[in-house]
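A.B. asks: When you get a sec, could you give me coordinates for this:
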Amino acid sequence: QLQIMESGGGLVQPGGSLRLSCQASGSSRDSNIIAWFRQAPGKERDGVSCINGDGTRVEYADSVKGRFTISRDNAKNTVYLQMNSLKPEDTGIYYCAGGPYFARSVWPNQALYDHWGQGTQVTVSS
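C.D. replies: The predicted structure is shown next:
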């Protein structure tokens, strides 16, 4: 089993930055891929970024490339999402999810993930 807890959300002005944290403790097998998803109001949940078990492979949604950076510190069982140059369209609930397989071509497929956190709210507004 993998227990996941997100933190770091909040209210930020456009152009600002936030760093989200995802603490994933328990099964290391189920954290071979850790991903961030977000759900904007009235929209479906979409993939934002993912990282493999040793942090050597990362993927990003086109909408966040060049602005967001994902990383992990396995000594702390934590995955980070550094979000810079935030836009109002980045607003939403951000979820962290873990699964056993890193699959580069299909990482946004939510069926890959067995474990989910409760989410943290990010609001980008002036």
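A.B. asks: Show me where the protein has its strands.
C.D. replies: All strands of the chain, identified by DSSP state E, fall at 2-7, 10-12, 18-26, 33-39, 45-52, 58-60, 68-73, 78-83, 92-99, 115-116, 120-124.
A.B. asks: Reformat these as a markdown table; add mean neighbour count and mean pLDDT.
C.D. replies: (Glycine included, C-beta is placed from N, CA and C.) A markdown table is the format used below for the strands of the chain (neighbours: other CB atoms under 10 Å; pLDDT from 0 to 100):
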| stretch | mean neighbour count | mean pLDDT |
| --- | --- | --- |
| strand 2-7 | 18 | 94 |
| strand 10-12 | 14 | 98 |
| strand 18-26 | 19 | 95 |
| strand 33-39 | 24 | 97 |
| strand 45-52 | 22 | 97 |
| strand 58-60 | 18 | 97 |
| strand 68-73 | 17 | 97 |
| strand 78-83 | 22 | 98 |
| strand 92-99 | 24 | 97 |
| strand 115-116 | 18 | 96 |
| strand 120-124 | 18 | 98 |
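A.B. asks: Export the ones you listed as CSV, with columns for distance to N109.
C.D. replies: CSV is the format used below for the strands of the chain (distance: least, CB to CB, whole Å):
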stretch, distance to N109
strand 2-7, 18
strand 10-12, 29
strand 18-26, 19
strand 33-39, 10
strand 45-52, 8
strand 58-60, 12
strand 68-73, 17
strand 78-83, 18
strand 92-99, 10
strand 115-116, 14
strand 120-124, 22
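A.B. asks: Among those, which comes closest to S105?
C.D. replies: Closest approach to S105 among the strands of the chain is made by strand 58-60 (9.2 Å; CB to CB).
A.B. asks: Can you spell out which helices and strands pack onto that closest one?
C.D. replies: When contacts are defined as 3 or more CB pairs under 8 Å, 6 or more residues apart in numbering; DSSP states H and E, strand 58-60 sits against strand 45-52, strand 68-73.
A.B. asks: Out of those, which is closest to G10?
C.D. replies: Going by CB to CB, the one of those nearest G10 is strand 68-73, 15.9 Å.
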